[in-house]
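Undergrad: Make a model of this:
(chains A and B)
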Amino acid sequence: MDLAEAFRNHRDTIVNKWVAFTLSTYASSSFFLRERDNFANPVGGNIRDALGRLFPLLVRGAAATEMHGPLEQILAIRAVQDFTPSQALAPLNAVKHITREVFTADRERSRFVTELYDFDFAVDLAVLAAFDIYMGCRERLHDVRIAEIKSGRDTITDSGCPSRLLPAQNIAVPQKDSGV
Amino acid sequence: MSVPKLQQLAESVVQGPTLATGAIPTREWTELPVVFKSGNYAYPAKAEKVAYLDSQSGLHFPNSREWSPEDEDWKLPENWKEIIIKGLAERLDKFRSLKIFMDCCVRCGACADKCHFFLGTGDPKNMPVLRAELLRSVYRNDFTLAGKILGKMAGCREMTVAVLKEWFMYSYQCTECRRCSVFCPYGIDTAEVTMMLRELLHLVGVGINWILEPVSNSNRTGNHMGLQPHTFKDNVEFLVDDVENLTGVRPNISFNRKGAEILFITPSADVFAEPGLYTAMGYMALFESLGLDYTWSTYASEGGNFGLFTNNEAMKKLNAKMYAEAKRLGVKYIIGGECGHMWRVIHQYMDTMNGPADFLEVPVSPITGTVFDNAASTKMVHISEFTADLIRHGKLKFDKSRNSHVKATWHDSCNTARAMGLLDEPRYILDHVVDWVEMPENTIREQTFCCGSGTGLNTDEIMELRMRSGLPRANAVKYVHDKHGVNMLACVCAIDRATLTSLMNYWNPDVRVCGLTELVANALIIPGENRAELDDGLRTLL
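TA: Model prediction:
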């Protein structure tokens, strides 16, 4: 029995608890947890899928580049929800504690709690990468906003108009060109 | 980095009592106040726009003023409560559907998890049942016997400023897409509850600028942008030049031409903004290939009807304009372009507001002879119905390989899908012009997910809100993008074309957005054409 076996043995338990903790940050966490159809429950589905993919990467100490996919899957969602940056990222850290909790509860494997340095380090790397990804999402959002403004649609609410504001004899006063 | 204790972590993550902190909520939902902060509300309407609208014939937008949702004091009129309760009484009397919707909900919860705002935010007040409850609680308090006797026990609430603020928050976190209604066993149209909430708020001068300024522009010049006739004409003519450059065929167009057989009306976005421009070019290429006798109008220069997002008076007036122009020009009937809520107004409200349009003729395709009985009352045919009929009769020739750069998927726009049942015609057209795949079953047809920015919520100050409410749609697009290499999201709605573009730019940057008629025109073989090599269809830069 070694650490790798302990992770294999408790993988589902740890991931499930990790998913539950992450989804508990939403006011309607019970629905997000319960509904398993990814299209009927995109927040719950994506977070479950992404954490499930992320966990084995953390266990084997994968490079941050390998973790980009699942981290982006989570952070793209949390970056546009009503969270502060720290709130958006914090659930990633939870896996350290959850893993300890699960190992501790298993008498045969509780000794591995002292061997989690590499795992903790992998989580730290993931959190740092997540910070960059979160900022990337916010910058993308900023670009989306700029692109929309540049498309000219903002002129809907910045045109001249209403004629009522003009004296009747002055009705032909040219208004600001409407951004054609 | 130290190892955090789960409890501490939870407390840093979750504000307020939830399961994460192990605490039991101590307050009822009715007692949790809304908090407005930059980014979670759309800007209020400018006072001058509201005053202008209120001064116009047939419209009622009283109590104009400058105010901010973030301020404690919204500068409501002194008798605001009386205005709201009286307004509700009038509407309960006038709209029987509202009375039924207020009474018949049994809170079964079938709608609860069907709303894209709920799915994207997890906010319980975005469950359609609870959003409607914001109004029902006041209705029960003031208009039912049970409410008068039992009060809070019957789920009643007195109308207060806090309740009013809650109405503003959540009636503008609903796009009136009506997905929830599909699942309601009683057929409650929760969108109409939102419509009533917005109507009541307008009575006390509470509305948003992104809606009221286009309404004011439409009232004056006929379109959202406030484009004057010469500008509208210039824009369309630029597109004529583009079609000629690309295909070698110059569309023959006319404006305000009396005696034309058909009046063509489309959202003004199609003639001024990408990617709608390509759809407008598509319309003209298609009509030119048929030699259709049609005219544009510089007065009925807007299919969109933001009046629908304000109150029934504004909706009626903006809808009437299209028919007034059809009457003035003496056309036989109207073909409508790729718009969403224009069709909802036509199919669900037009007949009782301004119809039936007896001065027009039941639409008959001049090319195939097909009688569009479905439009016998409104006299308005959807461009996709018209096109599908042409294809069915072999009147159009296509070279599908001209769309080989496109792998499409189909977004059923909420209004055309759920409010007029336009489900199969677009798919029939797609089959003939492009390689395409469906998104997952519970995200299409009647169950389609909204773009997240309809009903005048397509403004950039609430971009985060739009991105999260559009997640269910984007999530399904991502699936077909990853699985089938989809690179184009096609639809028949101008708001979709604009907002899905932003949505894709955030969630699926490799997927572009287009109108259906753009794909039709890409593949269309136009008689007499001298077409350049168009690697990107009508979007090709020569």
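
Undergrad: Three-state assignment for A:R107, please.
TA: coil (DSSP: H, G, I helix; E, B strand; the rest coil).

Undergrad: So what does it have for phi and psi?
TA: Backbone torsions of A:R107, given as degrees, to the nearest 10, read phi -60, psi -40.

Undergrad: quick one: it from chain B, how far?
TA: 21 Å (Cβ to the nearest Cβ, to the nearest Å). From N, CA and C alone the C-beta is placed, and that goes for glycine too.

Undergrad: my guess is B:N522 meets B:T540, correct?
TA: No: applying Cβ atoms under 8 Å, one finds B:N522 not in contact with B:T540, separated by 9.6 Å.

Undergrad: tell me, what's touching the two both at once?
TA: Here B:N522 and B:T540 have B:L534 as joint contacts, going by Cβ atoms under 8 Å, 6 or more residues apart in numbering or on different chains.

Undergrad: Compare the two (neighbour count), which wins?
TA: B:N522 (29 against 14; other Cβ atoms under 10 Å in any protein chain shown).

Undergrad: Leaving out chain neighbours, which residue sits closest to the more buried one?
TA: Once flanking residues are discounted, B:N522 sits nearest to B:G537: 3.5 Å by Cβ to Cβ, 6 or more residues apart in numbering or on different chains.

Undergrad: Going along the chain, name the helices of the stretch 201-350 of chain B.
TA: For the stretch 201-350 of chain B, applying DSSP state H, counting those that start in this stretch gives helices covering B:209-221, B:229-247, B:269-272, B:276-290, B:312-329, B:341-344.

Undergrad: Please spell out which residues along the second one are buried.
TA: I take that to be helix B:229-247. B:229, B:231-233, B:235-236, B:239-240, B:242-244, B:246-247 (16 or more other Cβ atoms under 10 Å in any protein chain shown).

Undergrad: which of the residues you listed are close to chain A?
TA: B:T231, B:N235 (Cβ under 8 Å from any Cβ of the partner chain).

Undergrad: pLDDT below threshold where in chain A?
TA: Within chain A, the set of residues satisfying pLDDT under 70 comprises A:152-180.

Undergrad: separation between the spatially most central residue of it and A:M135?
TA: Nearest residue to the geometric centre of chain A (Cα atoms, centre = their mean): A:L75, 2.2 Å. To A:M135, A:L75 is 9 Å away according to Cβ to Cβ, to the nearest Å.

Undergrad: how about the residue of the stretch 101-250 of chain B found nearest chain A, what does it touch?
TA: Of all residues in the stretch 101-250 of chain B, B:G122 sits closest to chain A, at 3.5 Å by Cβ to the nearest Cβ. Listed by Cβ under 8 Å, 6+ apart, the contact partners of B:G122 are A:Y26, A:A27, A:S28, A:S29, A:F31, A:F32, A:V43.

Undergrad: Show me the two of those that sit farthest apart.
TA: By the measure Cβ to Cβ, A:A27 and A:V43 form the most distant pair in the contacts of B:G122, at 11.6 Å.

Undergrad: Compare these two (neighbour count), which wins?
TA: A direct count of neighbours by other Cβ under 10 Å for A:A27 and A:V43 places A:V43 higher, at 28 against 22.

Undergrad: can you give me the strands in chain B?
TA: For chain B, the strands defined by DSSP state E occupy B:262-265, B:294-295, B:333-336, B:380-382, B:407-410, B:435-437, B:488-491, B:512-515.

Undergrad: Mind listing residues that contact the fifth one?
TA: For strand B:407-410, contacts defined as Cβ under 8 Å, 6+ apart pick out B:426-427, B:430, B:434-439, B:444, B:477, B:480, B:484-491, B:514, B:519.

Undergrad: what about the helices in the stretch 51-200 of chain B?
TA: Under DSSP H, counting those that start in this stretch, the stretch 51-200 of chain B gives helices at B:80-94, B:96-104, B:116-121, B:128-143, B:145-150, B:161-171, B:179-183, B:190-203.

Undergrad: Among these, show me which one is buried the most.
TA: helix B:116-121 (a mean of 26; mean count of other Cβ atoms under 10 Å in any protein chain shown).

Undergrad: Which strands or helices does that helix pack on?
TA: helix A:42-59, helix B:463-469, helix B:471-484 (3 or more Cβ pairs under 8 Å, 6 or more residues apart in numbering or on different chains; DSSP states H and E).

Undergrad: Mind checking those helices for the one nearest to B:E288?
TA: helix B:471-484 (32.4 Å).

Undergrad: could you check the distance from whichever residue of the stretch 251-400 of chain B sits closest to chain A over to B:Q348?
TA: In the stretch 251-400 of chain B, the residue found nearest to chain A is B:A273; the distance is 5.5 Å by Cβ to the nearest Cβ. According to Cβ to Cβ, B:A273 stands 27 Å off from B:Q348.

Undergrad: The two - which one has more neighbours?
TA: For B:A273 versus B:Q348, the count of surrounding residues by other Cβ under 10 Å is larger for B:A273: 22 against 18.

Undergrad: correct me, but that one touches B:A498?
TA: Yes: B:A273 is within contact range of B:A498, at 6.6 Å (criterion: Cβ under 8 Å).

Undergrad: Only the buried residues of stretch B:500-514, if you could.
TA: B:500-508, B:511-514.

Undergrad: In those residues, find the pair that's most separated.
TA: So, the buried residues of stretch B:500-514 by Cβ to Cβ: farthest apart are B:Y506 and B:C514, at 18.0 Å.

Undergrad: which residues are in contact with stretch B:133-144?
TA: Contacts of stretch B:133-144 (Cβ under 8 Å, 6+ apart): B:30, B:85, B:88-89, B:92, B:102, B:105, B:125, B:146-148, B:151, B:154-159, B:163, B:166-167, B:170, B:193, B:196-197.

Undergrad: Quick one: distance of it to the chain centre.
TA: 28 Å (Cα atoms, centre = their mean, to the nearest Å).

Undergrad: Can you give me the distance of the residue nearest to A:N41 when sequence neighbours are not counted to B:A494?
TA: Nearest non-adjacent residue to A:N41, counting by Cβ to Cβ, 6+ apart: A:E35, 3.8 Å away. Relative to B:A494, A:E35 is positioned 33 Å away (Cβ to Cβ).

Undergrad: Longest helix in chain A, by number of residues?
TA: Using DSSP state H, we find that the single longest helix of chain A is helix A:117-150.

Undergrad: Could you tell me which residues make contact with the nearest residue to A:A147 once chain neighbours are set aside?
TA: In space, and not counting its chain neighbours, A:A147 is closest to B:N505: 6.3 Å by Cβ to Cβ, 6+ apart. Neighbour list for B:N505: A:R140, A:D143, A:V144, A:A147 [criterion: Cβ under 8 Å, 6+ apart].

Undergrad: wait, doesn't the first one sit right on B:Y506?
TA: Yes: A:R140 sits in contact with B:Y506 when judged by Cβ under 8 Å, with a separation of 5.9 Å.

Undergrad: Tell me which residues touch the residue nearest to B:N522, please.
TA: With contacts defined as Cβ under 8 Å, 6+ apart, B:G537 is in contact with B:Y278, B:R402, B:N403, B:H405, B:V406, B:E518, B:L519, B:A521, B:N522.
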